[in-house]
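Participant: this is the structure alone, sequence omitted:
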């Protein structure tokens, strides 16, 4: 009887020791990424690809970069921020909301002048071009320059081309670049300024012309880690978004990839 008890004791010790050395499976994390509205399509596809090989669960929230930055500053539990310009990332970094140095310019885009698909309008973008006259009785759909990077770039381009003052009173200022695009798609605006990538994905608009690259600041999307930058799950997603697999998705949608 004593021998049997000793055997059970030894088996129990062995099992406890085995539990101590066997690695436990990594716990899945819930991640939240805040991203510019113009990255909705590419990011949804990239995140679906990421989750094929990761246990982490990822949700994305899309809006204008300015609105998202203010939400992060107010304490929104985002892990990663993809902004349509550097300004909002720098603003958050200065307020201690993003990890210092954990940011990179990821993508580049261009501005396009678009009209409804059945529009007969023909117009070439050049200094002093008659944009206001071409609108007729309608308005120009743009993202709000005060809050949305796409609108800021649009205003900058039109100022440098010498036509902003004539167009500004006729601007229909939308809450995001996607909202501006929707105004043109529905025929509620005879023309609009949106990102080239958004215009290419729409079947309801056509591109009249692309704004000269030197008419506005380069449109560069910045990817940043929110918080202290030491969350391993967030770093895993951040690294995937810089990977070759993700790069192929970005390029298929017409973005220029800025990372090597």
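Facilitator: Structure received. Please read all numbers here as calculations on a predicted model, not as lab measurements.

Participant: every contact and neighbour count from this point should use C-alpha atoms.
Facilitator: OK.

Participant: need the contact partners of the strand or helix carrying residue 206.
Facilitator: Secondary structure from DSSP states H and E places residue 206 in strand 205-210. Strand 205-210 is contacted from outside by 110-118, 122-125, 184-185, 196, 199, using CA atoms under 8 Å, 6 or more residues apart in numbering.

Participant: switch the cut-off to 6 Å
Facilitator: Contact with strand 205-210 is made by 111-117, 185, as judged by CA atoms under 6 Å, 6 or more residues apart in numbering.

Participant: biggest strand in this structure, by residue count?
Facilitator: In the chain, with assignment by DSSP state E, the single longest strand is strand 98-109.

Participant: check which helices and strands that one is in contact with.
Facilitator: If you count contacts as 3 or more CA pairs under 6 Å, 6 or more residues apart in numbering; DSSP states H and E, strand 98-109 packs onto strand 219-226, strand 256-257.

Participant: report the buried residues of that strand.
Facilitator: Under the neighbour-count criterion of 16 or more other CA atoms under 10 Å, strand 98-109 has 98-100, 103-109 buried.

Participant: if we can go back for a sec, ok, so of the contacts of strand 205-210, who is nearest residue 147?
Facilitator: Distance to residue 147, by CA to CA, is smallest for residue 111 among the contacts of strand 205-210, at 16.9 Å.

Participant: the residue lying closest to residue 218 once chain neighbours are set aside and residue 161, how far apart?
Facilitator: Spatial nearest neighbour of residue 218, excluding adjacent residues (CA to CA, 6 or more residues apart in numbering): residue 108 at 7.5 Å. Separation of residue 108 from residue 161 (CA to CA, to the nearest Å): 21 Å.
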